[in-house]
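>>> sequence first, predicted coordinates after that:
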Amino acid sequence: KDHLTVIEAISIFLTLDADGNGELSQAEFIRGLRRQPHIAEKLGMPASALDEEGARESYQLSFGKIDNDESKTIDLAELLGYFGHISLSPESLRQQLRLCGYSDKAAELILHKAGLVDLGYSESASVTRSSSAYTPGAGEWAAGP
């Protein structure tokens with residue numbers, strides 16, 4: 001896998017999260033990688049395989065490596081952890097999340113899921129981001145056939 005910046009990892013996550021619920025299902029992950037093979041390459045997976053089944057198997061294995069809590073979904077904290085960004089300070093990650101349009105509350109939820117902060121309130125809120133926020137590199141990730 002390539003080393004991705006925090007912003008690149010967040011941008012990839014937002015691109016793959018087609019329904020915007022803050023989690024990637026395996027189906028969303030595989031569909032996103034098939035539609036945008038340049039993202040598969042960035043994640044260290046073959047952009048194309050000799051056959052459809054080979055690509056699917058490769059994507060399923062990669063999904064399992066990123067889904068470290070075995071919840072059958074990938075959240076942003078897991079993707080950031082996969083690329084080693086959880087070792088950054090919570091404040092640094094909080095700033096990067098804000099740059100990508102996450103609210104303060106959503107950023108705190110993501111940091112909590114990563115085990116970096118304790119919450120003083122219920123976790124039942126969903127993690128969403130503002131649709132009007134600037135997303136660096138989103139055009140690059142969204143490009144494709």
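Thanks, I have it.

>>> ok, the nearest residue to Asp17 once chain neighbours are set aside - how many residues close by?
By the measure of CB to CB, 6 or more residues apart in numbering, the closest residue to Asp17 outside its immediate chain neighbours is Leu24, 5.8 Å from it. For the C-beta atoms, the positions are set from N, CA and C on the backbone; glycine is no exception. Around Leu24 there are 25 other residues, counting by other CB atoms under 10 Å.

>>> and what of Arg94?
Residue crowding around Arg94 was assessed by other CB under 10 Å; the count is 19.

>>> ramachandran angles for the nearest residue to Tyr82 once chain neighbours are set aside?
Nearest residue to Tyr82, sequence neighbours excluded (CB to CB, 6+ apart): Ile66, at 4.7 Å. Note on Ile66: backbone dihedrals following degrees, to the nearest 10 are phi -80, psi -40.

>>> go on, Tyr102?
Backbone torsions of Tyr102, given as degrees, to the nearest 10, read phi -80, psi 140.

>>> likewise for Glu23?
With angles defined as degrees, to the nearest 10, Glu23 sits at phi -140, psi 150.

>>> returning to that earlier point: A strand includes the residue nearest to Asp17, no?
Yes - checked against DSSP: H, G, I helix; E, B strand; the rest coil, Leu24 lies within a strand.

>>> follow-up on the earlier one: any idea how far the residue nearest to Tyr82 lies from Ala40?
Distance of Ile66 to Ala40, given as CB to CB, to the nearest Å: 13 Å.

>>> higher neighbour count, the two?
Legend: neighbour count by other CB under 10 Å for Ile66 and Ala40, higher for Ala40 (23 against 17).

>>> excluding its backbone neighbours, what's nearest the more buried one?
In space, not counting the residues next to it along the chain, Ala40 is nearest to Leu33; the distance is 4.3 Å by CB to CB, 6+ apart.
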